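J.: one predicted model, sequence on top.
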Amino acid sequence: MSRFLLALALFATTAFAHAAEPRARDLGVPFDGKPGPLNAITDVAGVTVGQVTLIEDLANGHKVRTGVTAILPRGRDTYDTPVFAGWFALNGNGEMTGTAWLDEGGDLEGPVMLTNTHSVGVVRDATIAERVKAGGADSTGYWWSLPVVAETWDGDLNDINGFHVRPEHVARALAEARGGPVAEGNVGGGTGMICHQFKCGIGTASRRISESGHDYTVGVLVQANYGIRDGMRIAGVPVGDYLRNDLVDTGRRPGSASEASDTGSIIIVIATDAPLLPHQLKRIARRAGMGLARMGSYSGNGSGDIFIAFSTANKDAMKDEGLQSAQFVGNDHIDPLFAATAQATEEAIVNAMVAAKDMQGDGGHYAKAIPHAELVTVLKKFNRYQPRK
C-alpha cells in the first residue's frame, strides 16, 4: 500500500472513531462542571476539527507515528472571518507561530494547526497555500496570512527527522474538518505523543455555564505530551504513585522514566461562544494552566506549555469597517468561564490518556496506555469512583 493510501485509510478509520472508544467518565472518573452534549470542543457552535493520522513501518526500519490536527473556529467561514483571540505561554520551550500578531491585533485569522515539532514549517506553509486556494484576496489585494501552528515533540515514537507530514496531509485535515464527535488518543497531531509516561495524544472536553441570564459553552482540545509519573493526579487521586509497574524507559527526551523533571509539552486550545475581547481571552488562556496543575504538572523548565483561546461571538465586529462595535462579558461576571476552562482542560487531558492505545514506535521505543482496570481500582481506593448513570 502506498504511503498516501495508508494515511488515507488510517484517517478514515480514526477520524470519527471517538464514539466507540471509552472516555474518562465511562470509567467512572468524576469531574466538576456540566459538559456539553458531546463533551468536546465542537460543542461550541461552528467549531470543526479535522485530523490526519500517519502510521507506517518503513522499509529502512524507521516508523512513522505522527499527523496533523486542524481546529477551524468558524468552520469553512474561518477563511473569511477571523475571531477574537488571545494566547499565553506558561512555559515557552515550544513553538506556536503567529502569536506576535495575536498580541498586536487581537484576532485569529485562520485555523489552529497542531503537529510535531519538526513539521511546523511545512504545516504553516501548506495552511497559507490552502488560504490562497480558498477564496479571494483581502481588502488590500493580498492573500495575507500568519497562521497559528503549534507543536509537541513525538521523536520518541516517530521518525521525526524523516519529515513525513506533507502539504497534502494539511490540505486534507482542513478540507475534512467536521463538527460532531472528535477522535481522541493516538490520532492527528497527537499520534506519537506521551504524557505522564503513558501513551497520550489528542483529548477534548467542554463545559456549559449560565451567567447573568446567558448560556455559554467552553470547549477545550489538547495535544498532550508532557510530564512524569511522579505526582500525577486524576480527579484529585495520586494515581501516579500507584500505577508504577508499567514504567518503560523509552529513552525519550521529554518525560522519560529515567528523568526526574517535568518536561515535554502540551498545547491547549480553548474555544467559547461567550463574547470576550482579546485581553479577556488571554486571561481565559492563562486558566488552562489551572487544569494542567490539577493533573500534577508544575510546568518544568523543559516543557512547552502554550495555550490559545478564541471566541466565536462578535462575528459582525470582524467586518472591515472604520468603526466597529462588540459586546463582551463584564470582568465581574467572567469567573464561571475561568472555572469552566480549568475543568474542561483537566478532563480533556484525562480523555487523551484513556483513549490512547499502546504503541510501538521508532527505535524500538514503546509507550503503554494507562490501564483502565487499574485506574478504576485506584479511584475506588480513594472513594472517587463514580459509575456512569
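T.: Received it, and whenever you're ready, just let me know what you need.
J.: which of the three states applies to the closest residue to Phe198 other than its chain neighbours?
T.: Of all residues not flanking Phe198 in the chain, Ile370 sits nearest, at 4.5 Å (Cβ to Cβ, 6 or more residues apart in numbering). C-beta: built from backbone N, CA, C; applies to glycine. Of the three states, Ile370 takes coil under DSSP: H, G, I helix; E, B strand; the rest coil.
J.: and Ile370, what pLDDT?
T.: At Ile370, the model reports a pLDDT of 97.
J.: against the centre of this structure, work out the most remote residue.
T.: Seen from the C-alpha centroid of the chain, the residue lying at the greatest distance (Cα atoms, centre = their mean) is Gly322, 35.3 Å away.
J.: list the contacts of that residue.
T.: Applying Cβ atoms under 8 Å, 6 or more residues apart in numbering, we find Gly322 in contact with no residue.
J.: so what's Pro147 up against?
T.: Pro147 is in contact with 97-98, 109-111, 113, 124, 127-128, 131, counting by Cβ under 8 Å, 6+ apart.
J.: rerun that using 7 Å as the cut-off
T.: Pro147 makes contact with 97-98, 110-111, 113, 124, 127-128, according to Cβ atoms under 7 Å, 6 or more residues apart in numbering.
J.: before we move on, what about Ile160?
T.: Contacts of Ile160 (Cβ under 7 Å, 6+ apart): 116-118, 154.
J.: quick one: secondary structure of Ile306?
T.: Going by three-state DSSP: Ile306 is strand.
J.: can you list the weak-confidence ranges in the stretch 201-350 of the chain?
T.: Across the stretch 201-350 of the chain, the ranges flagged by pLDDT under 70 are 245-261.
J.: OK, contacts around the closest residue to Met193 other than its chain neighbours?
T.: Among residues not flanking Met193 along the chain, Asn225 sits closest, at 3.8 Å (Cβ to Cβ, 6+ apart). Applying Cβ under 7 Å, 6+ apart, we find Asn225 in contact with 152-154, 193-195, 200, 254, 264-266.
J.: so where does Pro387 fall, helix or strand?
T.: Under the criterion DSSP states H and E, no helix or strand holds Pro387.
J.: can you report phi and psi for the nearest residue to it once chain neighbours are set aside?
T.: Once flanking residues are discounted, Pro387 sits nearest to Gly28: 5.1 Å by Cβ to Cβ, 6+ apart. Main-chain dihedrals, Gly28, degrees, to the nearest 10: phi 90, psi 20.
J.: quick one: contacts for Gly28?
T.: Gly28 neighbours (Cβ under 7 Å, 6+ apart): 376, 379, 385-388.
J.: nearest to Asn314, of these?
T.: Arg388 (36.7 Å; Cβ to Cβ).
J.: the closest one: neighbour count?
T.: By the measure other Cβ atoms under 10 Å, the count of residues near Arg388 is 10.
J.: give me the pLDDT value at it.
T.: For Arg388, pLDDT reads 82.
J.: wait, it sits on Ala24?
T.: No. The criterion here is Cβ atoms under 7 Å, and Arg388 misses it with Ala24 at 10.1 Å.
J.: rewinding a little: so which two of the contacts of Ile160 are the farthest from each other?
T.: His118 and Asp154 (9.2 Å).
J.: okay, these two: which has more neighbours?
T.: Between His118 and Asp154, counted using other Cβ under 10 Å, Asp154 has the larger neighbour count: 30 against 19.
J.: state the distance from the more buried one to Val122.
T.: Counting by Cβ to Cβ, to the nearest Å, the gap from Asp154 to Val122 is 15 Å.
J.: the contacts of Ile160 in helices, which ones?
T.: Using DSSP state H, no member of the contacts of Ile160 sits in helices.
J.: out of those, the closest to Phe163 would be?
T.: His118 (6.5 Å).
J.: quick one: residues contacting that closest one.
T.: With Cβ under 7 Å, 6+ apart, His118 has these contacts: 160-161, 163.
J.: now Thr263. Nearest residue, chain neighbours left out?
T.: By the measure of Cβ to Cβ, 6+ apart, the closest residue to Thr263 outside its immediate chain neighbours is Gly302, 3.4 Å from it.
J.: just give me the neighbour total for that neighbour.
T.: Gly302, neighbours per other Cβ under 10 Å, totals 18.
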